[in-house]
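Undergrad: Pasted the sequence and its predicted model underneath.
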Amino acid sequence: MKRLIGILFVVLMASSCAKENNFIPDYPVNFSAPLTDPRLSRLSSPGGAVTLNGYGVAGIVIYRRPDNAYVAYDRCSTVNPEKKNAVVLDDPVITVTDPVSGAKYSLYDGSPVKAPAQTSLKRYNVAIAGNNLQVTN
């Protein structure tokens, strides 16, 4: 009897964990521009961020962290991602907010910082080659 209850418990836990509602689909992302591009002017100093439409699911946000590393995320909120709600930059620029659900995410690592967000923003690869910034997946 104990064995049957144990197996039932494992099956229930596995089935409840298998449901992932916060999946952001893969869209090809290939953005490239010189760091001198006017669209990227806010990235000239640490703590700056820009948003760009037309890439990924709901656009991309690029952030220059205080350690001078660049990170990029899809702007699609992980709360109800099927609605493709784009997060917006907060002031000061250390977080972004889903204006529909109120969820907040850290730009440092994309992690959720305010409910109802439970999953991090989708992160993209950032490479700097000379004076050129490239975001890809």
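TA: Noted; the coordinates are in hand. Keep in mind the model is a prediction, meaning the values are calculated, not measured. Residues are numbered from 1 along each chain as shown.

Undergrad: hey, let's count contacts and neighbours off CA atoms from now on
TA: Will do.

Undergrad: Can you give me the distance of Asp90 to Lys83?
TA: 21 Å (C-alpha to C-alpha, to the nearest Å).

Undergrad: Now do the helices in the chain.
TA: 2-18 (DSSP state H).

Undergrad: all strands of this protein, in order?
TA: 30-34, 49-52, 60-64, 70-74, 88-89, 95-97, 104-106, 112-114, 123-129, 132-136 (DSSP state E).

Undergrad: Residues contacting the fourth one, please?
TA: Contacts with strand 70-74, where a contact means C-alpha atoms under 8 Å, 6 or more residues apart in numbering, come from 56-65, 107-110, 121-126, 135.

Undergrad: could you check the distance from the residue nearest the centre of the chain over to Ser111?
TA: Among the residues of the chain, the one closest to the centroid is Leu121, at 2.4 Å (C-alpha atoms, centre = their mean). Applying C-alpha to C-alpha, the value for Leu121 to Ser111 is 7 Å.

Undergrad: ok, now Val135?
TA: Relative to Ser111, and taking C-alpha to C-alpha, Val135 is found at 19 Å.

Undergrad: which one of the two has more residues nearby?
TA: Higher neighbour count among Val135 and Ser111: Val135, with 22 against 17, using other C-alpha atoms under 10 Å.

Undergrad: Hmm, Ala33 and that one touching each other?
TA: No: look at Val135 against Ala33 with C-alpha atoms under 8 Å: they stay out of range, at 9.2 Å.

Undergrad: just to revisit the earlier point, in CSV, list the strands of the chain along with mean pLDDT.
TA: Below are the strands of the chain laid out as CSV (pLDDT from 0 to 100):
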stretch, mean pLDDT
strand 30-34, 97
strand 49-52, 97
strand 60-64, 98
strand 70-74, 98
strand 88-89, 98
strand 95-97, 98
strand 104-106, 98
strand 112-114, 97
strand 123-129, 97
strand 132-136, 98
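
Undergrad: Which of the ones you listed sits closest to Arg42?
TA: Closest approach to Arg42 among those (C-alpha to C-alpha): strand 49-52, 5.9 Å.

Undergrad: what helices or strands is that closest one leaning on?
TA: Where contact means 3 or more C-alpha pairs under 8 Å, 6 or more residues apart in numbering; DSSP states H and E, strand 49-52 is packed against strand 60-64.
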